[in-house]
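Asks: Just the structure for this:
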Amino acid sequence: MAAPRKGQAAQVGGGRKFSSEESRREEASRLFEVAQSYKERGRMAEAARAFEEVAEIAYDNAEAQYHAGMGHLQTGDLMGAKRRWEACLEIDPNHVTGLFNFATLMAETGDIPRARDLMEKVIAIQPDDADNYKTMAILKFKQNLNVDAIRWQSLPPSCYASSERSPILTE
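Replies: Presented below is the predicted three-dimensional model:
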């Protein structure tokens, strides 16, 4: 959805209209705080609904899409999480946390090749995070690519302090 021209009302999902981009952003921020409050109190269903509303209002914000995806995941709505994380990555293809969580979701739902592709992108963006390599190794093991999985467990030297480097883990 394109941003409205100056002086034109902003309209978002559900037919809601805002008098300006500023009022749209303010409402999204207000609702985000409401969603966070629900989440902090363990009221996940209410939090998920509020995060979804934020995502509809802030349709052009990757963080809003990401948090709506997390809300869906926490209530067991995997398709909702997938939809919102895809929207997040459409807005910001390098949103590392969105990529990582989406890869995890794809692995859990059986789409290991897509999970692997997503993790390769995560590793390209964050090459020094050891958890990324461990996750990739798990994905390779799930595909019975054991030799390749072992290679992925061999983390790059920058993931270790020199005194911690195991002689078994070589490149």
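Asks: Tell me where the model's unsure across this protein.
Replies: 1-15, 19, 144, 146-171 (pLDDT under 70).
Asks: Name all residues that make contact with the residue sitting nearest the centre point of it.
Replies: Nearest to the geometric centre of the chain sits residue 98, at 1.7 Å (CA atoms, centre = their mean). Taking CB atoms under 8 Å, 6 or more residues apart in numbering, we find residue 98 in contact with 62, 65, 66, 69, 85, 88, 89, 92. (Glycine included, C-beta is placed from N, CA and C.)
Asks: The last one reaches residue 62, doesn't it?
Replies: Yes: the pair residue 92 and residue 62 qualifies as a contact (CB atoms under 8 Å) at a distance of 3.8 Å.
Asks: Neighbour count for those two, which is higher?
Replies: Per other CB atoms under 10 Å, whichever of residue 92 and residue 62 has more neighbours is residue 62, with 20 against 15.
Asks: This structure: strands as residue ranges?
Replies: Using DSSP state E, the strands of the chain run over 10-11, 17-18.
Asks: other SSEs contacting the last one?
Replies: Meaning strand 17-18. Secondary-structure packing of strand 17-18 (3 or more CB pairs under 8 Å, 6 or more residues apart in numbering; DSSP states H and E): strand 10-11.
Asks: tally of neighbours for residue 131?
Replies: Residue 131: 12 neighbours (other CB under 10 Å).
Asks: and what of residue 93?
Replies: 12.
Asks: for residue 127, same thing?
Replies: 13.
Asks: Now do it against residue 115, distance only.
Replies: Distance, residue 127 to residue 115, using CB to CB, to the nearest Å: 18 Å.
Asks: How far does stretch 66-81 stretch from one end to the other?
Replies: Stretch 66-81 has an end-to-end distance of 8 Å (criterion: CA to CA, to the nearest Å).
Asks: What of stretch 86-98?
Replies: Span of stretch 86-98 from end to end, CA to CA: 9 Å.
Asks: Of all the residues in it, which ones are buried?
Replies: 87, 88, 89, 91, 95, 98 (16 or more other CB atoms under 10 Å).
Asks: try stretch 60-67
Replies: 61, 62, 63, 64, 65, 66, 67.
Asks: so can I have a markdown table of those residues showing distance to residue 75?
Replies: Formatted as a markdown table, those follow (distance: CB to CB, whole Å):
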| residue | distance to residue 75 |
| --- | --- |
| 61 | 21 |
| 62 | 21 |
| 63 | 19 |
| 64 | 17 |
| 65 | 16 |
| 66 | 16 |
| 67 | 13 |
